[in-house]
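Enquirer: Fold the following and give me the result.
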Amino acid sequence: MARAGVTKGEVQRARLALIKAGKHPSIDAIRIELGNTGSKATIFRHLKDIEADEGGAGVPQGSVSEELLSFVTNLAGRLEFEAQERFDALKAGHAEEVRGLKEQLEKARGEARSGRTEAERSQVELSTERAARQRVEVELAALRLEHGQLITQLTAQLEGAQEQLKAAQAQVASLEEKHAHAREALEHFRNVSREQRDREARQHEQQLQYLQREVATAAEALTAKQTELRSALQEKADALAQLSAARAERRQVDEQLRELKPAAERLAVQNQLVEDMRGHAQQAAQQYETLRARASDLEQRNAELERSLAGATATAQSQSEMVKELLARISQPAPAGKAKSKAAAAG
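Expert: Here you go, the predicted structure:
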C-alpha cells in the first residue's frame, strides 16, 4: 500500500541516485526509487522546491551540461505531470458522464415499462367495461321493446273499451228515447181512453192490455240494456285497472333507466381515464426516445474525447522521446580538445 507524506530530503536523495545511475529523474522514476510511495503531486512539489534551491545557490558548481540536464529533467517532469493531470481529469469526467447517462437510461426504461404495464391493464379494464356496456345496452333494448309492446296492447284494449262504452251509451240513449216515446204514447192513449171510455170500454181494455204488454217488453229490453251497460262499465273499470298497472310498470322501467344512467356515466369516465393513460404512455415513450438520442450523442462525444486523449497521449509520448534523445545527446562524453579548453577556462 502506498505511503503518504514523502519528505523533501527523500525526494532529493532519490533524484541524486537516479542521476548518478545515468537515469532520467522523472516523477514516476523517483516514486519507484522511493518504493512506490508518495503521491505524484507531492513529489512534483518537492522537485520544484529543489529546483528553486539549486537555482538560488549562486554560481553553479556543475558544468553547463549538468544545468541543461537539470532543466530538461524538470521540463520533462512538468510535461509528464501536466499530461497525467489532464488524462486523469478527462477520465474522471468521462466516467461521471457515462454513469449519469446510464442512470438516466435505466430510469427511462423503467418509466417506459411502467407505462406499458399501465396501458395493458387499462386496455383490459376497457374491454371489461365495453362488454358490460354492451350487456346493459342489450338489456335496455329488450326492456324498451317489451315496454313498447305492452303500451301498444294496453292502448288497443283501451280504445276497444272506449268504443264499447260509446256503443253502450248510444244504446242507452236510444232506449231512453223509446221509453219517452212510449210514455208519450201511453199518455196520449190515456187521454183518448178517458174521452172514449164510455163508448169504447172493451176496445180500450184491449188496447190497454196491448200497450201494457208493449211496456213490459220495453221494460225488459231496458233492463237488458242496463245489464249490458253495467257489463260495459265493468269492462271499462278493468281496462282502467290494466292501464294503471301498465303505468306502474312504465314507472319501474323509468327507474331502471335512471339506475343505469350512473353506470353509463362511470363508463364514460373510465374511457376518459384510459385515453389519459394512453397519453402518459406516449409521453414516456417520447421521453425514452429523447434520452436514447442523447445517449447516442454522448457516446459520439465520448468517442471524440477518447480520440483527443489518444492524440494527447501520443503527443506526450513524442515529447518524452524527444527529451530522452536530448538527454542521451547531453550525456555523451565531450571531445578531448573541448574538455581541455573548458578546464583552462575554469582555471
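
Enquirer: what about residue 9, distance to residue 275?
Expert: 79 Å (Cβ to Cβ, to the nearest Å). To be clear about C-beta, it is placed using only N, CA and C from the backbone, and glycine gets the same treatment.

Enquirer: I meant to write residue 178 there.
Expert: Distance from residue 178 to residue 275, by Cβ to Cβ: 80 Å.

Enquirer: who has more neighbours, those two?
Expert: residue 178 (14 against 11; other Cβ atoms under 10 Å).

Enquirer: What ranges does the stretch 151-300 of the chain have for its strands?
Expert: Remark: strands of the stretch 151-300 of the chain are absent; assignment by DSSP state E, counting those that start in this stretch.

Enquirer: so where's it uncertain?
Expert: 215 (pLDDT under 70).

Enquirer: And the pLDDT at residue 336?
Expert: Residue 336 is assigned 49 on the pLDDT scale.

Enquirer: same check, this time on residue 119
Expert: For residue 119, pLDDT reads 81.

Enquirer: Please, which helix or strand holds it?
Expert: helix 64-195 (DSSP states H and E).

Enquirer: Equivalent analysis for residue 10, please.
Expert: Going by DSSP H and E, residue 10 is in helix 8-20.

Enquirer: ok, and what's touching that helix?
Expert: Defining contact as Cβ atoms under 8 Å, 6 or more residues apart in numbering, one finds that helix 8-20 is touched by 24-25, 29-30, 33-34, 38, 43, 46-47, 49-50, 69.

Enquirer: and if you look at stretch 127-139?
Expert: Counting by Cβ under 8 Å, 6+ apart, 260, 263, 264, 267, 270, 271 sit against stretch 127-139.

Enquirer: can you rerun that using 10 Å?
Expert: Residues outside stretch 127-139 that contact it (Cβ atoms under 10 Å, 6 or more residues apart in numbering): 256, 260, 263, 264, 266, 267, 268, 269, 270, 271, 274.

Enquirer: Flag every buried residue along it.
Expert: 129, 133 (16 or more other Cβ atoms under 10 Å).

Enquirer: do stretch 265-275 as well
Expert: 267, 270, 274.

Enquirer: repeat for stretch 241-254
Expert: Those would be 242, 243, 246, 253, for stretch 241-254 by 16+ other Cβ under 10 Å.

Enquirer: Run a quick check on the last one versus residue 143, I expect a contact.
Expert: Yes: shown here, residue 253 and residue 143 form a contact pair, counting by Cβ atoms under 10 Å, at 5.7 Å.

Enquirer: Which two among the contacts of helix 8-20 are spaced furthest apart?
Expert: In the contacts of helix 8-20, two members sit farther apart than any others by Cβ to Cβ. They are 38 and 69, at 23.2 Å.

Enquirer: neighbour count winner among those two?
Expert: A direct count of neighbours by other Cβ under 10 Å for residue 38 and residue 69 places residue 38 higher, at 22 against 19.

Enquirer: Assign that one to helix, strand or coil.
Expert: coil (DSSP: H, G, I helix; E, B strand; the rest coil).

Enquirer: Right, I'll leave it there.
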